[in-house]
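A.B. asks: just to be clear, the model below is a prediction. Sequence and coordinates:
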Amino acid sequence: MSPRRRIPIVGLIAHAPVDVVADAEEALLADYGLAKLQCTTIPYPRSEELGRALGAGARFLPGGCGANMAAGLAALGSEVAVVAPFGADSHGSFARADLESRGVEIRGFGYDGPHSLVYTLITGDRERTFADYCHGVPYDLAAAAHGLDDQRIVAIDGYLLLRLGVADGIRGWLASGRPEGQDLVFCPGDVSVLTDAGPIVRDLLAEARHLVLNRHEAAKLFPGLSDEAIAAMLRERGVSGAITQGEAGAFLFDRTGSLHVGANKLDRPIVNTNGAGDAFTAGYLHGIEQGLPLDEVARLATACAARVLTIEGARPERAAEVVG
């Protein structure tokens, strides 16, 4: 691919929790009522029990789909700005500092409460399952989101929609008028977002010019349709995007057409699948930011996903770790 200049036009409205990552048996998922491969919200006291059950072997790593995307974009050379909630404790400081150390610009926002933790459980097949909780502190997002009004592309991290107050804030932001020509990218992140945040999801689907879905989300939104049929329907509405298919690769589409790309061959063992979808989306966003043709976007996005599969954590340190 020929080098292209950096263009500071990507912003993310993101969830930026700290991931508590630990190996777990399938029985533990059942004990806590966690749906494998998905994110399940559990009561706060139950989350504390889970934390104790994981013990000293748990690792604390910066996480969150949108925050991971921002880190991936920065590693690829994009200039990226983020609006995300950061709690008033050491976890919030840790999450913020990690993004800033990678060159991500933080445009808000802090709140007076504990920073979010997400329990990321890795089972023997190296797949990940999430347990989230609601700490009861509402997020005032509407004003903060306008901090991205100078960005031509704004991506929405679906996980954030599950937090208290966020749906109303996003709805207010959409209603107050975004800059003309600003493209909205919606990344649900999990089937639970589609089921638990239904009304605001419908609003975002109507506004989005790009959709990045995994195969489970695509099946939920468009039951019974093939990826090709979904792409054809969305293209008629002027929507571009991608449907990731795990080991089978991904299906991408835009106004010029559609294509399937196989998953990259790995040169080392899979550590776990946490963050692979976020890395794919970072590659997709960087590709559309740079105006790459669809086949180059596909190659870049799948390369980003493949690289994250083979490292601890969901964030590569630099561009060489993304595609090298």
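C.D. replies: Sure thing, it's come through.
A.B. asks: can you confirm residue 130 is in a helix?
C.D. replies: No - secondary structure assignment (DSSP: H, G, I helix; E, B strand; the rest coil) places residue 130 in strand, not in a helix.
A.B. asks: so who does it touch?
C.D. replies: Listed by C-beta atoms under 8 Å, 6 or more residues apart in numbering, the contact partners of residue 130 are 34, 38, 39, 40, 118, 119, 120, 121, 190. C-betas here are computed from N, CA, C, even on glycine.
A.B. asks: could I get the strand or helix carrying residue 11 in CSV with only the CA atoms?
C.D. replies: Per DSSP states H and E: residue 11 is located in strand 10-13. The C-alpha coordinates for strand 10-13 follow below in CSV (Å, rounded to 0.1, in the frame of the first residue of the first chain):
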residue,chain,number,x,y,z
VAL,A,10,-11.6,10.4,13.5
GLY,A,11,-13.4,10.7,16.8
LEU,A,12,-14.8,8.1,19.1
ILE,A,13,-17.6,8.1,21.7
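A.B. asks: give the other helices and strands that it contacts.
C.D. replies: Counting contacts by 3 or more C-beta pairs under 8 Å, 6 or more residues apart in numbering; DSSP states H and E, strand 10-13 is packed against helix 65-76, strand 80-83, strand 153-157, helix 276-289.
A.B. asks: please redo it, this time with the cut-off set to 10 Å
C.D. replies: Counting contacts by 3 or more C-beta pairs under 10 Å, 6 or more residues apart in numbering; DSSP states H and E, strand 10-13 packs against helix 65-76, strand 80-83, helix 142-145, strand 153-157, helix 166-175, strand 183-187, helix 276-289.
A.B. asks: closest one to residue 199 among those?
C.D. replies: Comparison of the helices and strands packed on strand 10-13 against residue 199 by C-beta to C-beta identifies helix 166-175 as nearest, at 7.0 Å.
A.B. asks: what angle do that closest one and strand 153-157 make?
C.D. replies: Using axes from the mean of the first three to the mean of the last three C-alpha atoms, to 10 degrees, the inter-axis angle of helix 166-175 relative to strand 153-157 is 160 degrees.
A.B. asks: can you point out the buried residues in helix 166-175?
C.D. replies: When neighbours are counted by 16 or more other C-beta atoms under 10 Å, the buried residues of helix 166-175 are found to be 166, 167, 169, 170, 171, 173, 174.
A.B. asks: what pLDDT does the second one get?
C.D. replies: Translated: residue 167. Residue 167 is assigned a pLDDT of 93 by the prediction.
A.B. asks: what sits against the residue nearest to it when sequence neighbours are not counted?
C.D. replies: Beyond its immediate neighbours in the sequence, the residue positioned closest to residue 167 (C-beta to C-beta, 6 or more residues apart in numbering) is residue 200, lying 4.0 Å away. The neighbours of residue 200, taking C-beta atoms under 10 Å, 6 or more residues apart in numbering as the test, are 156, 158, 161, 166, 167, 168, 169, 170, 171, 174, 193.
A.B. asks: please produce TSV containing the helices and strands packed on strand 10-13, extended by distance to residue 212.
C.D. replies: As requested, the helices and strands packed on strand 10-13 are exported to TSV (distance: least, C-beta to C-beta, whole Å):
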stretch	distance to residue 212
helix 65-76	9
strand 80-83	16
helix 142-145	19
strand 153-157	8
helix 166-175	17
strand 183-187	5
helix 276-289	5
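A.B. asks: so which of these is the most surrounded?
C.D. replies: Among the helices and strands packed on strand 10-13, helix 65-76 has the highest mean neighbour count (mean count of other C-beta atoms under 10 Å), at a mean of 29.
A.B. asks: C-alpha coordinates for the longest helix seen in the chain, CSV please?
C.D. replies: Taking DSSP state H as the assignment, the helix of the chain that covers the most residues is helix 294-309. Coordinates of the C-alpha atoms in helix 294-309 are reproduced here as CSV (Å, rounded to 0.1, in the frame of the first residue of the first chain):
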residue,chain,number,x,y,z
LEU,A,294,-12.4,-1.6,-0.3
ASP,A,295,-9.9,-4.5,-0.9
GLU,A,296,-7.1,-2.5,0.9
VAL,A,297,-9.5,-1.7,3.8
ALA,A,298,-10.3,-5.4,4.0
ARG,A,299,-6.6,-6.5,4.1
LEU,A,300,-5.7,-3.9,6.6
ALA,A,301,-8.6,-4.6,9.0
THR,A,302,-8.0,-8.4,8.9
ALA,A,303,-4.3,-7.9,9.5
CYS,A,304,-5.0,-5.7,12.5
ALA,A,305,-7.4,-8.4,14.0
ALA,A,306,-4.9,-11.2,13.4
ARG,A,307,-2.1,-9.3,15.2
VAL,A,308,-4.2,-8.7,18.3
LEU,A,309,-5.0,-12.5,18.6
